[in-house]
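Colleague: mind looking at a prediction? Sequence and model below.
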Amino acid sequence: MGCTASGKSAVALELARRLGRTEIVTVDSMQVYRGMDIGTAKPSAAERAEIPHHLLDVADPSEEWTVTRWAEAAQAVIAGIEGRGHRALLVGGTGLYFQAAVDGLRPPGRYLEVRAELEQESDTPGLHRRLVAVDPLAASRMEPTNRRRVVRALEVSLGSGRPFSSYGPGLDAYPETPWRLAGLWLPRPVVARRIDDRLDQMVAAGLVGEVERLRPAGLSRTARQALGYREVLAHLEQGRPLDQAVAEAKRRTRAFSRRQRVWWRRDPRIRWYGTSVNPLAVTAQILGDWTHP
């Protein structure tokens, strides 16, 4: 795991080659969509022919994909890989999906009518007081002013009829796991440069045309928000100059990479492998750690 454009896919592919009998499971919330190839930096056809890849192209862009659907699919895929006597190598940057696979995390459902009612209330501390009444444990785990968390906890508690806290310890729990977790780290300026270069390459490879081809069938709310796609859609649908759209995509992707760093840093189980320029430089070290007790 690691932030976007840190070279995870290249390192994972090389690890799979050297380990042998290894299949890659992609942990990416956007690479699940068929046709969204250039903008999500999917592995090439040649790479997929060399090493089996899973959980790519499993949904139409018009579908709303969720972590629950991904977790169910991942569980079946991993069982199949291990049943063949192979090992599963998970790689990607969607932190919530990783926790679903590694920790068996199953987020509760959505209760949109309840949420819509809660969103009409502007008094976030007041909503927190309501949460204290129905689920004091969940309320104790969050700041009264953290609107996103308070509303979500109330939504589930009221919508499901059971306390939000009963669904598990939450995202901040890191129990023991049989998985070996490797994080790839590059300096921020290097990642920023790689992000900018990659987006330029995507545009040159036909990203605008890819988005144009996807539009007639419709894109889900989730797919429309994908990095790069939202900005190209603004270019196609609202007439935003392409250079401005690309600049905004770069800015948003860099901000996303910073949020990913914050997410991953919280997990004490991850062993980090750093390099200043070339991500593949850490391959031998990871391999050594994984092939020895």
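Modeller: Done, it's in. This one's a predicted model, so the numbers in the text were calculated from it and none came from an experiment.
Colleague: all strands for the protein, in order.
Modeller: 22-27, 53-54, 87-92, 182-185, 271-274 (DSSP state E).
Colleague: would TSV of the ones you listed with mean pLDDT, distance to Ala16 and mean neighbour count be doable?
Modeller: Where you see a C-beta, it was placed from the backbone N, CA and C, and this is true even at glycine. Below are those laid out as TSV (pLDDT from 0 to 100; distance: least, Cβ to Cβ, whole Å; neighbours: other Cβ atoms under 10 Å):
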stretch	mean pLDDT	distance to Ala16	mean neighbour count
strand 22-27	98	4	22
strand 53-54	98	9	20
strand 87-92	97	6	20
strand 182-185	97	13	21
strand 271-274	96	16	14
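Colleague: distance to Arg193 added to the ones you listed, as TSV?
Modeller: As requested, the strands of the chain are exported to TSV (distance: least, Cβ to Cβ, whole Å):
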stretch	distance to Arg193
strand 22-27	24
strand 53-54	27
strand 87-92	21
strand 182-185	15
strand 271-274	16
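Colleague: out of those, nearest to Asp197?
Modeller: strand 182-185 (17.2 Å; Cβ to Cβ).
Colleague: distance check, the residue nearest the centre of the chain against Gln31.
Modeller: With distances taken as Cα atoms, centre = their mean, Thr94 lies nearest the centre of the chain, 1.6 Å away. In this view, Thr94 and Gln31 are 9 Å apart by Cβ to Cβ, to the nearest Å.
Colleague: same thing with Gly2?
Modeller: 15 Å.
Colleague: Ala228 reaches Gln201, doesn't it?
Modeller: To be clear, residue 228 is Gly; Ala isn't right here. No - counting by Cβ atoms under 8 Å, Gly228 stays clear of Gln201, with 11.4 Å between them.
Colleague: so what's the nearest residue to Ile286 once chain neighbours are set aside bridging to?
Modeller: Distances taken as Cβ to Cβ, 6 or more residues apart in numbering put Ala182 closest to Ile286, at 5.2 Å, once the chain neighbours are dropped. Beta-bridge partners recorded for Ala182 (DSSP bridges): Arg271.
Colleague: just to check, Ala182 is in contact with Ile270?
Modeller: Yes - judged on Cβ under 8 Å, Ala182 makes contact with Ile270 at a distance of 7.1 Å.
Colleague: need the overlap of contacts for those two.
Modeller: Met1 (Cβ atoms under 8 Å, 6 or more residues apart in numbering).
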